[in-house]
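**Student:** take this sequence and fold it.
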Amino acid sequence: MTNIPYTYAASDFMKYTSFKDDQKESLIDYTSTDFLSLRDSLIDYIKAVYPLDYGLFAESDLGMMLVEVVAYMGSVMSMKTDMIAHEMFLKTVKSPANLRKIFEIIGVRLRGPGSAAAKASVTSETAVASEITIPEASRVFEATSNLDGSPVNYTLYKTTNGIIEDPSTSNDIVLYTSESEGDTGLVWENLVLAEGSLSIDTGVFSDVDVLKQITLENGPVVDGSIQVYISDAGDYGGTYREVTSLLSTSSSDLKVFQVAYTDDFIATLQFGDGITAVMPPTNSTYTITYRVGGGQRGNAPSNFINASINTLEGSSVNVVNTNPLTGGLEAETIDQAKKYAKFVYRQQDRLVSLDDYLTFVNNYRNSLGQACKASVTTRKAFSSSNIIDIYLLQKASTNQFEKASLSFKRDLLEAMEPKKMLTDEVVLVDGLIRTLDLDIRLTVDREFESRETDILLRTSKTISEYFSVDSREFAEVFSPSDITREIFTNVDEVRLAEVMNFSEPITLEINEILQLNNFNLTVNYV
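**Tutor:** Down below sits the predicted model:
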């Protein structure tokens, strides 16, 4: 090797530029978070602080391997820190468990599943003297779900003027001859079949727990179906009602409880502490009724339940659902919960502004766990400005709406009554469904022809999700470019998506909502 004059001058100089321990921190680059930037920062740090101790930065060197291991661990820790930070904010949280914790702070909760229901009829082919009695044990029917092939239960309830009698009871059903209809035989149509079965938990509040809470034995619990009665409690006994959050209560004498769900929608009931609400006395007895089931698996066509049962009088009657079983909904997703969470917090459990009404109705669940979609407006006339018109449609399934039942409307009005302004008059109006048919052509590279089935499946899923009942709003304008953009974003193989049967945007009135009827997909290979 050729010696170059003054070769060692730089080395001698570097010896005199060594950094003291308290100065080394100033050379650390705290902005590095990913693997490559951390590795480069470590190399720069070594070159500056240890120039004579290490200088071989080849990838095959052991020292370089250790540098990359440290950079890897740093990037993992940085990612974990980012994940923790994201889970602390409503806009970025992804974990259902963490979302529930955030919701607890602001008095909001994830809604559980809803159960399907349909009108039903009971037919007797033999003469009946005055009445027939359907025993409690014969009110529950088991069938096989069309969705997953698993058993699903349906319970028979009686209605009065189209309104379901208390679904939290399991007594015998008495049908009177005066209520029957039909020319041949006797037919009773004042009945409803609802998916799910009734559960009853009983017990005594112990003196161990400072704050009283009860975890129900069965699940998943149908949202809104829990009813609590406490006895042996003096003035603190009686019926307790469910509230969204105990934080919203304003009096220590309110008999209320709050429900917290697990990921499997096992429910835990939390009672007041004597300050926010009534705390049930120690050794008092509780009886809790609730329904178990819910979800889309309960939706089914007409005549899905068609069974013969015996009455207490000894005669045989036939039970059948005369309408499709609809309204079965899955539990609320994170995106759905985030949509109205800030408005629920702002609402503070009272109905004053139109936003308050809109938030309440769109988050409401009746005793069967069924939900609706709504828009809210006031009358234009000055003298009628306190009249609140609520246009609503009940959610029949993931992608379909239907007119709200009388029971649903009654329950909704009763739920709003104690929260609204005294001068407000609420009017419930059926919304209008505008159906839509789509003819969509996909342009795909020929190299993906063998994956056509998968492409069509993912495109269909994208379209269905875009037109789901939770994604649509009343008076929401629809443009063909909206759905083509969704397809282009979610299906990478599609080069171009075109709506072939129309090109202009569809505008809707405040009482109208768009629902997808049918769609047809064709593929053009280039």
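**Student:** if we ignore the residues flanking it in sequence, what's nearest R495?
**Tutor:** T443 (4.8 Å; Cβ to Cβ, 6 or more residues apart in numbering). Every residue, glycine included, has its C-beta placed from N, CA and C.
**Student:** which SS class is the one you found?
**Tutor:** Here T443 is recorded as strand under DSSP: H, G, I helix; E, B strand; the rest coil.
**Student:** number of nearby residues for it?
**Tutor:** 13 (other Cβ atoms under 10 Å).
**Student:** and it, what is it in contact with?
**Tutor:** 494-498, 524-526 (Cβ atoms under 8 Å, 6 or more residues apart in numbering).
**Student:** let's have those in CSV, adding distance to I46.
**Tutor:** Rendered in CSV, the data for the contacts of T443 read as follows (distance: Cβ to Cβ, whole Å):
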residue, distance to I46
V494, 49
R495, 48
L496, 52
A497, 52
E498, 57
N524, 57
Y525, 55
V526, 53
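**Student:** include distance to R111, pLDDT and secondary structure when you put the residues you listed into a markdown table, please.
**Tutor:** Below are these laid out as a markdown table (distance: Cβ to Cβ, whole Å; pLDDT from 0 to 100; DSSP: H, G, I helix; E, B strand; the rest coil):
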| residue | distance to R111 | pLDDT | secondary structure |
| --- | --- | --- | --- |
| V494 | 34 | 92 | strand |
| R495 | 40 | 92 | strand |
| L496 | 39 | 92 | strand |
| A497 | 34 | 92 | strand |
| E498 | 38 | 93 | strand |
| N524 | 43 | 93 | strand |
| Y525 | 44 | 92 | strand |
| V526 | 46 | 90 | coil |
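**Student:** of the residues you listed, buried ones?
**Tutor:** Among the contacts of T443, those buried by neighbour count (16 or more other Cβ atoms under 10 Å) are 494, 497-498.
**Student:** quick one on the thing from earlier: looking at the contacts of T443, which is nearest K373?
**Tutor:** A497 (26.7 Å; Cβ to Cβ).
**Student:** okay, that closest one and L38: tell me how far apart.
**Tutor:** 41 Å (Cβ to Cβ, to the nearest Å).
**Student:** so the residue positioned nearest the centre of the chain is in which element?
**Tutor:** The residue lying closest to the centre of the chain (Cα atoms, centre = their mean) is E332, at 0.4 Å. Using DSSP states H and E, E332 is not contained in any helix or strand.
**Student:** buried residues in the lengthiest helix in the chain?
**Tutor:** Using DSSP state H, we find that the single longest helix of the chain is helix 62-86. Neighbour counts over helix 62-86 (16+ other Cβ under 10 Å) mark 64, 67-68, 71, 74-75, 78 as buried.
**Student:** residue ranges with poor pLDDT in the stretch 51-200 of the chain?
**Tutor:** Scanning the stretch 51-200 of the chain for pLDDT under 70 picks out the ranges 182-185.
**Student:** which residue ranges form the strands in it?
**Tutor:** Secondary structure of the stretch 51-200 of the chain (DSSP state E, counting those that start in this stretch): strands located at 117-124, 131-134, 140-144, 151-160, 163-164, 173-176, 186-195, 197-204.
**Student:** closest to L432 out of the ones you listed?
**Tutor:** Comparing the strands of the stretch 51-200 of the chain by Cβ to Cβ, strand 117-124 comes nearest, at 22.3 Å.
**Student:** who are the packing partners of that closest one?
**Tutor:** strand 131-134, strand 186-195, strand 316-321 (3 or more Cβ pairs under 8 Å, 6 or more residues apart in numbering; DSSP states H and E).
**Student:** contacts for that strand?
**Tutor:** 132, 134, 156, 175, 182, 185-189, 191-195, 302, 305, 315-327, 368, 370, 405.
**Student:** ok, now with 7 Å
**Tutor:** 132, 156, 175, 185-189, 191-195, 315, 317-327, 368 (Cβ atoms under 7 Å, 6 or more residues apart in numbering).
**Student:** repeat for stretch 376-386
**Tutor:** 354, 357-358, 387-390, 423-425, 510.
**Student:** before we move on, the earlier item: show the pLDDT at the residue nearest to R495.
**Tutor:** Listed pLDDT for T443 reads 94.
**Student:** what does M14 give?
**Tutor:** Taking M14 on its own, its pLDDT is 48.
**Student:** which secondary structure element contains D389?
**Tutor:** In this structure, D389 sits in strand 387-395 according to DSSP H and E.
**Student:** mind listing what's buried along that strand?
**Tutor:** 388-395.
**Student:** ok, stretch 162-181 next?
**Tutor:** Quick answer for stretch 162-181 (16+ other Cβ under 10 Å): 164, 167-168, 173, 175, 179-180.
**Student:** now swap in stretch 135-146 and tell me
**Tutor:** Applying 16+ other Cβ under 10 Å to stretch 135-146 flags 138-139, 141, 143, 145 as buried.
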